[in-house]
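# Return a 3D structure for these sequence lines:
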Amino acid sequence: MDISLPHNMENILKAKIAEGIFSTMDEAITFAVQFTFSDNKNLEERIAALNTEIEKGLEDYASGNYQDGQTAFKKLIQKYE
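Coordinates of the predicted model:
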């Protein structure tokens, strides 16, 4: 089977082969197709969990339960010195 890819995608795959992530173009394309059609349930669960944490953070911010970055950084330095 012959496959035509847009040049930018082909260049990305060639770069991954050069980095040693894949050994051949066939291996890279096979991985991409398997990933595309794999069960994304775990990914969907992770996204839902992240969205929940973002909502908690926004609620904390709206209620004034937060600290600025400098204060948080100073506390981290004190904790780990």
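# so where's the longest helix in this structure?
helix 41-62 (DSSP state H).
# who touches that one?
Y66 (C-beta atoms under 8 Å, 6 or more residues apart in numbering). Quick note: C-beta positions are derived from backbone N, CA and C, even for glycine.
# Can you say which helix or strand has Q67 in it?
Secondary structure from DSSP states H and E places Q67 outside every helix and strand.
# For it, give me phi and psi.
Main-chain dihedrals, Q67, degrees, to the nearest 10: phi -140, psi 150.
# State the distance from it to T52.
In this view, Q67 and T52 are 21 Å apart by C-beta to C-beta, to the nearest Å.
# Enumerate every residue touching S23.
I17.
# What is the three-state secondary structure of it?
coil (DSSP: H, G, I helix; E, B strand; the rest coil).
# Which residue ranges make up each domain of this structure?
With domains defined by automatic domain parsing, the chain comprises 7-37, 41-80.
# from the chain's centre, how far out does the shortest one sit?
Once both centres are worked out by C-alpha atoms, centre = their mean, to the nearest Å, domain 7-37 turns out to sit 18 Å from its chain's centre.
# what distance separates the start and the end of it?
When the termini of domain 7-37 are compared using C-alpha to C-alpha, to the nearest Å, they are 23 Å apart.
# Quick check: buried residues in that domain?
13, 16, 22, 28, 32 (16 or more other C-beta atoms under 10 Å).
# Looking at the domains of the chain, which is nearest to M1?
When the domains of the chain are compared by C-beta to C-beta, domain 7-37 sits nearest M1, at 10.1 Å.
# Any chance of CSV for the domains of the chain, columns distance to M1 and mean pLDDT?
Formatted as CSV, the domains of the chain follow (distance: least, C-beta to C-beta, whole Å; pLDDT from 0 to 100):
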stretch, distance to M1, mean pLDDT
domain 7-37, 10, 92
domain 41-80, 28, 91
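# returning to that earlier point: chain center to the longest helix of the chain: distance?
That offset, for helix 41-62, works out to 15 Å (C-alpha atoms, centre = their mean).
# switch to numbering from 29
In the new count, where the first residue is 29, that last one comes out as helix 69-90.
# now D88: how far from I105?
Using C-beta to C-beta, one obtains 23 Å as the distance from D88 to I105.
# Perfect, I'm done here.
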